[in-house]
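> need coordinates for the following:
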Amino acid sequence: QRGLGIVITDHNVRDTLAITDRATVIHEGRILLEGKPGDILADPEVRRVFLGEHFEL
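The predicted structure is shown next:
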């Protein structure tokens, strides 16, 4: 709770979401979704664009 933000740019979704409590998903230069890792993984548009139908955690 230090008010510190860190920007991580990575395509390894599993590892990246494991180390954060909030994330922002950017696609084609626009914010697609901001939120908790569970919300991001559950979002149908994020799954379609980044994860595919058969992504498993």
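> report the buried residues of the helix or strand of the chain with the lowest mean pLDDT.
Counting by mean pLDDT, DSSP states H and E, the chain has its least confident helix or strand at helix 13-18, which shows a mean of 85. Buried residues in helix 13-18, counted by 16 or more other Cβ atoms under 10 Å: 13, 17. C-beta here means a position set from N, CA and C on the backbone, and glycine is covered the same way.
> render the CA-only coordinates of that helix in PDB, please.
C-alpha atoms of helix 13-18 as PDB (Å, rounded to 0.1, in the frame of the first residue of the first chain):
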ATOM      1  CA  VAL A  13      -0.700 -14.200 -19.100                       C
ATOM      2  CA  ARG A  14      -0.500 -16.900 -16.400                       C
ATOM      3  CA  ASP A  15       2.700 -15.600 -14.800                       C
ATOM      4  CA  THR A  16       1.800 -11.900 -15.100                       C
ATOM      5  CA  LEU A  17      -1.600 -12.300 -13.500                       C
ATOM      6  CA  ALA A  18      -0.100 -14.400 -10.700                       C
END
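> ok, residues contacting that helix?
Helix 13-18 is contacted from outside by 8, 10, 23, 37, 40-41, 50-51, 55, 57, using Cβ atoms under 8 Å, 6 or more residues apart in numbering.
> between these, which is nearest Arg30?
Using Cβ to Cβ, Phe50 is the member of the contacts of helix 13-18 that sits closest to Arg30, with 13.6 Å.
> Leu41 falls within a strand, correct?
No: assigned with DSSP: H, G, I helix; E, B strand; the rest coil, Leu41 falls outside any strand and is helix.
> what sits against it?
Per Cβ under 8 Å, 6+ apart, neighbours of Leu41: 13, 17, 47, 51, 57.
> among those residues, which two are most distant?
Leu17 and Arg47 (12.9 Å).
> how many neighbours does Ala23 have?
Using other Cβ atoms under 10 Å, Ala23 has 19 neighbouring residues.
> who does it bridge with?
Beta bridges link Ala23 to Gly35 when assigned by DSSP bridges.
> my read is that it contacts Ile40, right?
Yes: shown here, Ala23 and Ile40 form a contact pair, counting by Cβ atoms under 8 Å, at 5.6 Å.
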